[in-house]
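>>> Have a look; sequence and predicted model below, questions after that.
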Amino acid sequence: QVQLVESGGGLVQAGGSLRLSCAASGRTFSSYAMGWFRQAPGKEREFVAAIKWYDFRTLYGDSVKGRFTISRDNAKNTVYLQMNSLKPEDTAVYHCAATARGLGLTKAEGGYDYWGQGTQVTVSS
């Protein structure tokens with residue numbers, strides 16, 4: 001089992017920045033990749049970014065490319081999402097996810113086995 005706890009959400013003005021953190025515990029040695037998804041009210045969950053645990057390969061959703069950066073600190077078992085140039089449409093609950101299946105980076109929700117409770121990000125115009 002892997003437990004994921006997100007933090008760092010909050011209220012920010014458009015154009016501002018936030019950094020989200022996702023701390024993993026439990027059987028973290030088995031985590032192959034971690035990702036971020038977001039869900040706005042009345043919308044489907046959307047892929048944001050993912051990163052492999054043992055190399056630097058990353059994958060981004062089209063709506064955040066060039067603005068968001070995913071990174072990880074293996075020593076701290078933590079993944080970060082640096083969000084810059086935030087827009088009101090980035091407002092959502094952001095969830096951290098992890099998978100140990102070794103199938104490669106994926107944008108699909110079904111590709112992840114463990115999920116955090118989420119942290120709210122609100123961007124005001």
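Cool, got the structure.
>>> Give the other helices and strands that the helix or strand L20 falls within contacts.
Element membership for L20, per DSSP states H and E: strand 18-26. If you count contacts as 3 or more CB pairs under 8 Å, 6 or more residues apart in numbering; DSSP states H and E, strand 18-26 packs onto strand 2-7, strand 33-39, strand 78-83, strand 92-99, strand 119-124. Any C-beta I mention is one placed from the backbone N, CA and C, and that applies to glycine too.
>>> Following the chain past the first one, name the next helix or strand.
With elements assigned by DSSP H and E, the helix or strand that comes after strand 2-7 is strand 10-13.
>>> So what touches the host helix or strand of L59?
Using DSSP H and E, L59 sits in strand 58-60. For strand 58-60, the external contacting residues (CB atoms under 8 Å, 6 or more residues apart in numbering) are G35, V48, A49, A50, I51, K52, F68, I70, L105, T106, K107.
>>> between the residues you listed, which is closest to Q82?
F68 (6.6 Å; CB to CB).
>>> Contacts only, for the nearest residue to that closest one once chain neighbours are set aside.
Of all residues not flanking F68 in the chain, M83 sits nearest, at 5.1 Å (CB to CB, 6 or more residues apart in numbering). Taking CB under 8 Å, 6+ apart, we find M83 in contact with S17, L18, R19, L20, V64, R67, F68, D90, V121.
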